[in-house]
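# Predicted structure and sequence below. I'll ask about it afterward.
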Amino acid sequence: MAINENRNVEIDRNTVEKRMDSSQVASTFIKYAAYVVIFFGALYFLVRYVFPMF
């Protein structure tokens, strides 16, 4: 049973950091909130003005 004492073992440690950029979260929320407002605005326009024409 021979043990090689000249082993070169390198341990690579990676750290993963979660980044929570509040300005990016806020801008994404504003973007999707604008999409929702535009969607419901278009839907309101269709129901209020276009559908009664038929």
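Done, it's in.
# going forward, measure contacts and count neighbours with C-alpha atoms only.
OK.
# which stretches of the protein aren't confidently modelled?
Judged by pLDDT under 70, the chain has its weakly predicted residues at 1-7.
# Helices of that one, start to end?
Remark: helices assigned in the chain by DSSP state H are 22-45.
# For Ser27, see how far away Pro52 is.
Distance of Pro52 to Ser27, given as CA to CA, to the nearest Å: 37 Å.
# neighbour count winner among these two?
Neighbour totals were compared for Pro52 and Ser27, and Ser27 leads with 11 against 8 (other CA atoms under 10 Å).
# ok, so what distance separates that one from Glu17?
For Ser27, the distance to Glu17 - CA to CA - is 22 Å.
# just Thr28 next, same as before
Separation of Thr28 from Glu17 (CA to CA): 21 Å.
# neighbour-wise, which of the two wins?
More neighbours surround Thr28 than the other of Thr28 and Glu17, with 12 against 6 (other CA under 10 Å).
# what's near enough to touch that one?
By CA atoms under 8 Å, 6 or more residues apart in numbering, no residues touch Thr28.
# make it 10 Å
Contacts for Thr28 (CA atoms under 10 Å, 6 or more residues apart in numbering) come out as Ser22, Ala34.
# swap in Arg48?
Arg48 is in contact with Ala42, counting by CA under 10 Å, 6+ apart.
# what about it, distance to Val37?
16 Å.
# And for Glu10?
According to CA to CA, Glu10 stands 55 Å off from Val37.
# neighbour-wise, which of those two wins?
Each of Glu10 and Val37 has its neighbours counted (other CA under 10 Å); Val37 has more, 11 against 6.
# what's the spacing between Ser27 and Asp21?
10 Å.
# Give me the distance from stretch 21-33 to the chain's centre.
Put simply, stretch 21-33 sits 9 Å off its chain's centre (CA atoms, centre = their mean, to the nearest Å).
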